[in-house]
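>>> with the input below, show me the fold.
(one chain, ligands or ions: 1)
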Amino acid sequence: MSSLPQSVTVSPGRGGLPRVRVAGPAASGEIYLNGAHVTSWRPDGQGDVLWMSAASGYSPGQPLRGGIPLCFPWFGAHAADPAAPAHGFARRTAWDLLGAEEDGDDMRVRFGLHDSAATRAGAWPHRFEATCTVTIGPWLSVTLDVVNRDDRDVVVEEALHTYLSVGDVREARVTGLEGAWYIDKLAAPELVAQDGPIRFTAETDRVYLGTRATALVEDPSRARAVTVAKSGSASTVVWNPWAAKAAAMPDFGDDEWTGMLCVETGNVGVDAVRLAPGEGHQMTAHVGLAPLA
Ligand code: BG6
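This is a model prediction of the structure:
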């Protein structure tokens, strides 16, 4: 790895896990090597746009609760192996820090992960190379690049499982997905068309498929709006656990669900990506903050 710019430092974070801190000209941020997991993005003069649970664990081999878990190479439960960890192994694995650069107002930090004896022995025995590039600036961008290093086609699911901090999810709404087809994971597995903006009145767990639309989270209690734009992604997942599910999760504070909302950039289910040997795929989530118009 080449030397890091002065504004990028690596030190033990919570639980002693290695953490990259970025203090850029337009924003600051934090990324844990465990999962190449972005846990903080603060544009200058603003509070954190990402939500982290105060109850999150910080242990090697375990996912963090909040920020941007990187789900790969499957999403949710593994289709064939119920014992395999939910959302894949990438969010539980220590990534390598590859380097960091300054580029005007942006600070870019790159992380790498490839198959190992441990990953090949699990539910997904394939060879691959993945790079995660985190850009901390006036916008937060996270890019996942994946290359199939196997000698046969592989199918990958992936998601940048973005937890956004909101004043009160019951007051928030998401626009941009009107008319998009989704599967409600809490109801019958059939496609439903989104009717108007999304509002939150109960547990919500929806997988929007075949959509490349930008989503806008309107957060009136904070008088701000968060944009989640994307490229290379055909799925958007919208999730809030509500009270009972939050209370049942050991790494989620009982009352914290009102202050968060996930808008996840991904390729999951029928949108999974098939890669021929040597072929690569790139997916990016761009998160931006603006006053509520
Ligand atoms: C969402 C899924 O993406 O992640 C939900 O759609 C799931 O079904 C949620 O409950 C959290 O998953 P986990 O594995 O981090 O508890």
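
>>> for the ligand, what's its nearest residue on the chain.
Ala86 (3.8 Å; C-beta to the nearest ligand atom). C-beta here means a position set from N, CA and C on the backbone, and glycine is covered the same way.

>>> so who does that residue touch?
76-77 (C-beta atoms under 8 Å, 6 or more residues apart in numbering).

>>> backbone dihedrals for it, please?
phi -60, psi 140 (degrees, to the nearest 10).

>>> identify, by residue count, the longest strand of the protein.
In the chain, taking DSSP state E as the definition, the longest strand is strand 280-291.

>>> what lines up beside that one in the sheet?
According to DSSP bridges, strand 280-291 forms sheet pairs with strand 140-148 (antiparallel), strand 224-231 (antiparallel).

>>> may I see the buried residues of the last one?
In other words, strand 224-231. Of the residues in strand 224-231, 224-230 count as buried by neighbour count, 16 or more other C-beta atoms under 10 Å.

>>> quick check: mean pLDDT of it?
Summarised as a single mean, pLDDT over strand 224-231 is 98.

>>> flag every residue of the stretch 1-150 of the chain that's near the ligand.
63, 76, 86-87 (C-beta under 6 Å from any ligand atom).

>>> now the buried members of these.
For those, buried by 16+ other C-beta under 10 Å: 63, 76, 87.

>>> part of a strand, is Gly99?
Yes. Judged by DSSP: H, G, I helix; E, B strand; the rest coil, Gly99 forms part of a strand.

>>> pretty sure it sits against Val8.
No. Gly99 is beyond contact range of Val8, at 9.3 Å (criterion: C-beta atoms under 8 Å).

>>> what sits in contact with each of the two?
By C-beta under 8 Å, 6+ apart, the residues touching both Gly99 and Val8 are Val109.

>>> who has more neighbours, those two?
Val8 (23 against 17; other C-beta atoms under 10 Å).

>>> where do the strands sit along the stretch 51-200 of the chain?
Assigned by DSSP state E, counting those that start in this stretch, the strands in the stretch 51-200 of the chain fall at 70-71, 96-103, 106-114, 128-136, 140-148, 154-156, 158-160, 163-165, 173-175, 181-184, 191-193, 198-199.

>>> can you list the residues that contact the third one?
In other words, strand 106-114. Against strand 106-114 from outside (C-beta under 8 Å, 6+ apart): 5, 7-8, 20, 22, 24, 26-27, 29, 31, 33, 36, 90, 93, 95-102, 127-138, 149.

>>> buried subset of the residues you listed?
5, 8, 20, 22, 24, 27, 29, 31, 33, 36, 90, 93, 95, 97, 99-100, 102, 127-128, 130-138, 149.
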